[in-house]
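Visitor: my questions are about this predicted structure, shown below with the sequence.
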Amino acid sequence: DMAEPIQQLTRNNNPQERQSIPFTLIQRKEKLGDLLYEKRQYGKAKWACIKMKEKQYEQSICLGFMKLMRYICEQNSSGLYLGITVPIVTIVHTNEAHSAMTQAVTVAYYLPEVLQEEPPHPFDSDIIIEEWPATIVYSR
């Protein structure tokens, strides 16, 4: 099922072709010279998002990512490979009291700059295009 998206990604696996999402660095945490995480602020932008709720957190991330990869690799209204932007963001959801994580996660792909005005529509109805306000992201 993923053979075509993986082949497309492999053909286009040139690091120079990956678009880094523009951000402002707010904080950087290191330990003994190793980067633990960065706190970043991303500007207002459109993202392709999918919310998954599998038994295991890791399954939700993996399945969500695979669905997004199909969208990126031609399963969209343009019929074209959209290009990779990094990072792919995972949002962990908590219960109403914010005291525990839930099984639900959102996996999100920043649409490249050239697609921000008119993003291609996904064929998968589980993927939605959302415009996010400026957002704080922790990155490893």
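Guide: Received the coordinates, thanks. Numbering: from 1, shown residues only.
Visitor: show me where the chain has helices.
Guide: In the chain, the helices defined using DSSP state H lie at 3-11, 57-72.
Visitor: pLDDT of the shortest one, averaged?
Guide: It refers to helix 3-11. Averaging pLDDT along helix 3-11 gives 53.
Visitor: so how far is Pro120 from Thr90?
Guide: Distance of Thr90 to Pro120, given as CB to CB, to the nearest Å: 22 Å. Where C-beta positions appear, they are placed from N, C-alpha and C, glycine not excepted.
Visitor: neighbour count winner among the two?
Guide: Counted by other CB atoms under 10 Å, Thr90 and Pro120 do not tie: Pro120 has more neighbours, with 19 against 16.
Visitor: check the gap between the closest residue in space to Lys55 that isn't next to it in sequence and Glu58 for me.
Guide: Nearest residue to Lys55, sequence neighbours excluded (CB to CB, 6 or more residues apart in numbering): Gln103, at 6.9 Å. Separation of Gln103 from Glu58 (CB to CB): 11 Å.
Visitor: neighbour count winner among those two?
Guide: Per other CB under 10 Å, whichever of Gln103 and Glu58 has more neighbours is Gln103, with 13 against 10.
Visitor: that one: what's it in contact with?
Guide: Lys53, Glu54, Lys55, Gln56, Tyr57, Ser60 (CB atoms under 8 Å, 6 or more residues apart in numbering).
Visitor: tell me the confidence at the nearest residue to the fourth one once chain neighbours are set aside?
Guide: What sits nearest to Gln56 in space, not counting adjacent residues and going by CB to CB, 6+ apart, is Gln103, at 7.9 Å. Reading off the per-residue confidence, Gln103 sits at a pLDDT of 82.
Visitor: 241 is where my numbering starts, stick with that
Guide: Will do, 241 is the new start, and the previous item becomes Gln343.
Visitor: stretch 286-299: how far from the chain's middle?
Guide: Chain-centre distance of stretch 286-299: 10 Å, with CA atoms, centre = their mean, to the nearest Å.
Visitor: now do the buried residues in stretch 344-353.
Guide: Neighbour counts over stretch 344-353 (16 or more other CB atoms under 10 Å) mark Val345, Thr346, Val347, Ala348, Tyr349, Tyr350, Leu351, Pro352 as buried.
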